[in-house]
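fold the following, please.
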Amino acid sequence: MIYRKIVCKETSKIMKNKELDNLRSKINNIDDEILSLLSNRSKIVLEIGKHKKDNSVVDLDREQKILDRLSSKFTGSYPKDTIVRLWREIFQSSEKLQKLTKENIQSKRSIENINVYKGGKAKLNNNKRVIKLSSNENPYGASPKAIELLETKNINHDLHRYPEIDGSSLREAIAKNFSIDSNRIILGSGSDEVLLFAALAFCQDGDEILHANHGFEMYSIVSKVVGAVPKKIKEDVNFNLNIENLIDQTNDATKVIYIASPNNPTGTYLSRDQLVKLMNSISKNIIVVIDGAYVEYVHKDDYDKGFSLTDEYENIILTRTFSKTYGLAALRVGWCYTSQKIADIINKIKPPFNTTTISQSLAIKALEDKEHIENSVKLNSEIKDWFEKELKLLNIKTRQTEGNFTLIETSEEEAEKISNHLMNDGIIIRRLNSYNLPNFLRISIGTKEEMDLTVESLKKFNV
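Residues are numbered from 1 along each chain as shown. This next block holds a predicted model:
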């Protein structure tokens, strides 16, 4: 009886192995067919390349139409985002075939058209006193407590030792300050690095990342760095992001959405209700990153400065920075708060020691100085209101913004003239050509003295 059971078991195993071998043989035959089809496709691609001029072989609109058509026709069990990624890889290979380049060193396709981020101009080529109103920095500097710590040299001097590998002391200080869980905090070298973590952790080549048409420049750059395709979502005439439009643009290939609230450079924001609507309407496997670099400057009642959304939605990341209100831009310290599941995933890719001992220590001191933060925000609000009233008297139009900057709307020609005029007076502001807003200017709110001098310079321009 026992012998019969053993024989039956072995016979069943042999039959299953034969069935597997048969199925694998079918897969091999299909793979051979695919190879043959790809070979034929490559020959046609080369022929098409002969008819294209000036090396202009990329047609993104046509590629998107192909992707839409194939996604709608596909009825197999593979996820549709896999089909999109496969065909984007084929598009990239086809491009290389058509260009017939002989260069040995080639970047991946996604980063070829990146315009290097330059930020606001920092200095002038003369010895004039410079008023820098181009980078949205805190004009009052860092907390006196942080400066005192630096000047008294009470920071650990073991420069040959690595900092805390996960910045646990700073994370605990942040957690205590905001009454949140330190295990769900990830530190970054500025919040820009946290933005990169999100893309690295959840995107593969050919996936899509959505962001506002006039969102922070780094969103598009980060997308391309990881090989994803950035998709810009149009805003309304007042630069408000339309939530319904954003929801409609998501698809199986969408992996990350970046939203700055308030947004740089337009100063628009999303209310808590709008964010809740978004989160309730999109797939739970899409990671939504809410960039809160300017959160402390917002005074709107419907704006959520807290972290409760991360308890309601597992797929949301809220970023913060020490570069703006806290006045530690030179130290590059940012962080995010998210669900435990996402925190565990990001920690797998976060480089060790990505924030320094000095930056961690000074950030802790900056957190303690609530009076400095409150005073910086209060002064920003008062001076901004005064400055924009002065601009109105000069017939200079401004848009309403939440943040520590003013957005001027004029003509492209006038924007260039105003920028050059102020620069001649040693005042550096930000032109927004790189955001495709050539008729806009962004002016950071400095001290009262700096804004007085800016107004006086603009009065001379208007004479």
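
list the buried residues in stretch 349-361.
Buried residues in stretch 349-361, defined by neighbour count with 16 or more other CB atoms under 10 Å: 350, 354-357, 359-361. Backbone N, C-alpha and C define where each C-beta goes, glycine included.

and it, average pLDDT?
The average pLDDT for stretch 349-361 rounds to 90.

could you work out the end-to-end span of that stretch for me?
End-to-end distance of stretch 349-361 (CA to CA, to the nearest Å): 24 Å.

tell me where the protein has strands.
131-132, 185-188, 208-212, 229-233, 254-260, 287-291, 316-321, 334-338, 397-399, 405-409, 427-428, 430-432, 437-444 (DSSP state E).

make TSV out of those and add distance to Leu195, mean neighbour count and mean pLDDT.
Listed next are the strands of the chain as TSV, based on distance: least, CB to CB, whole Å; neighbours: other CB atoms under 10 Å; pLDDT from 0 to 100:
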stretch	distance to Leu195	mean neighbour count	mean pLDDT
strand 131-132	24	20	91
strand 185-188	8	24	96
strand 208-212	10	25	95
strand 229-233	12	19	93
strand 254-260	7	26	96
strand 287-291	6	24	97
strand 316-321	7	25	97
strand 334-338	9	25	97
strand 397-399	25	15	96
strand 405-409	20	22	96
strand 427-428	26	22	94
strand 430-432	20	21	94
strand 437-444	20	22	96
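
do you know which of these lies nearest Ile27?
Closest to Ile27 of the strands of the chain, according to CB to CB: strand 254-260, at 28.0 Å.

check which helices and strands the closest one sits against.
helix 191-202, strand 208-212, helix 217-225, strand 287-291 (3 or more CB pairs under 8 Å, 6 or more residues apart in numbering; DSSP states H and E).

so that strand versus strand 316-321, what angle?
For strand 254-260 against strand 316-321, the angle by axes from the mean of the first three to the mean of the last three CA atoms, to 10 degrees is 40 degrees.

neighbours of the closest residue in space to Ala329 that isn't next to it in sequence, just the number please.
The shortest distance from Ala329 to any non-neighbouring residue, by CB to CB, 6 or more residues apart in numbering, is to Ser323 (4.1 Å). For Ser323, the count of nearby residues is 22 (other CB atoms under 10 Å).

again with Asp236
Neighbours of Asp236 using other CB under 10 Å come to 10.

is it true that it touches Glu244?
No. Using CB atoms under 8 Å, Asp236 is not in contact with Glu244; the gap is 11.2 Å.

which non-adjacent residue is nearest Glu98?
That one is not Glu; residue 98 is Gln. Closest to Gln98 by CB to CB, 6+ apart is Gly49, at 3.2 Å.

save the strands of the chain as JSON lines, and put in distance to Lys73 too.
Below are the strands of the chain laid out as JSON lines (distance: least, CB to CB, whole Å):
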{"stretch": "strand 131-132", "distance to Lys73": "55"}
{"stretch": "strand 185-188", "distance to Lys73": "40"}
{"stretch": "strand 208-212", "distance to Lys73": "19"}
{"stretch": "strand 229-233", "distance to Lys73": "20"}
{"stretch": "strand 254-260", "distance to Lys73": "20"}
{"stretch": "strand 287-291", "distance to Lys73": "28"}
{"stretch": "strand 316-321", "distance to Lys73": "34"}
{"stretch": "strand 334-338", "distance to Lys73": "37"}
{"stretch": "strand 397-399", "distance to Lys73": "45"}
{"stretch": "strand 405-409", "distance to Lys73": "45"}
{"stretch": "strand 427-428", "distance to Lys73": "54"}
{"stretch": "strand 430-432", "distance to Lys73": "42"}
{"stretch": "strand 437-444", "distance to Lys73": "39"}
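
wait, which of those is closest to Ala366?
strand 316-321 (11.4 Å).

what's that closest one packed up against?
Counting by 3+ CB pairs under 8 Å, 6+ apart, strand 316-321 packs on helix 191-202, strand 287-291, helix 309-312, strand 334-338.

need these in TSV with distance to His421, can you?
Below are the helices and strands packed on strand 316-321 laid out as TSV (distance: least, CB to CB, whole Å):
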stretch	distance to His421
helix 191-202	32
strand 287-291	32
helix 309-312	44
strand 334-338	35
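
out of the ones you listed, the one nearest Leu270 is which?
Closest among those, using CB to CB: strand 287-291, at 8.0 Å.

how far away is the closest residue to Lys232 other than its chain neighbours from Glu368?
The shortest distance from Lys232 to any non-neighbouring residue, by CB to CB, 6+ apart, is to Asn213 (4.4 Å). Shown here: Asn213 relative to Glu368, a distance of 39 Å by CB to CB, to the nearest Å.

longest helix anywhere in the protein?
For the chain, the helix reaching the highest residue count under DSSP state H is reported as helix 2-50.

and it, how far out from the chain middle?
Offset of helix 2-50 from its chain centre (CA atoms, centre = their mean, to the nearest Å): 42 Å.

then stretch 245-265?
Using CA atoms, centre = their mean, the offset of stretch 245-265 from its chain centre is 10 Å.

distance between the ends of that stretch?
Using CA to CA, the two ends of stretch 245-265 sit 21 Å apart.

what's Thr250 sitting at in phi/psi?
Here is the backbone geometry of Thr250 (degrees, to the nearest 10): phi -80, psi 150.

and it, what is it in contact with?
Thr250 sits next to 210, 257, 282-283, 286 when contact means CB atoms under 8 Å, 6 or more residues apart in numbering.

just the pLDDT at it, thanks.
Reported pLDDT for Thr250: 94.

could you report the separation of it from Asn354?
In terms of CB to CB, Thr250 sits 31 Å off from Asn354.

re the thing from before, and the furthest pair within the contacts of Thr250?
Leu210 and Ser283 (12.2 Å).

list residues touching both of these two?
Contacts common to Leu210 and Ser283, judged by CB under 8 Å, 6+ apart, are 250, 254.

could you give the separation of stretch 85-92 from the chain centroid?
So, by CA atoms, centre = their mean, the centroid of stretch 85-92 is 24 Å from its chain's centroid.

can you dump the C-alpha coordinates of it into CSV?
Extracted in CSV, the C-alpha atoms of stretch 85-92 (Å, rounded to 0.1, in the frame of the first residue of the first chain):
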residue,chain,number,x,y,z
ARG,A,85,7.5,50.4,-20.2
LEU,A,86,8.3,47.7,-22.8
TRP,A,87,7.3,49.9,-25.7
ARG,A,88,9.1,52.9,-24.3
GLU,A,89,12.3,50.8,-24.2
ILE,A,90,11.6,49.9,-27.9
PHE,A,91,11.1,53.6,-28.7
GLN,A,92,14.5,54.4,-27.1
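
quick one: buried residues of it?
Counting neighbours by 16+ other CB under 10 Å, stretch 85-92 gives 85, 87-88, 90-92 as buried.
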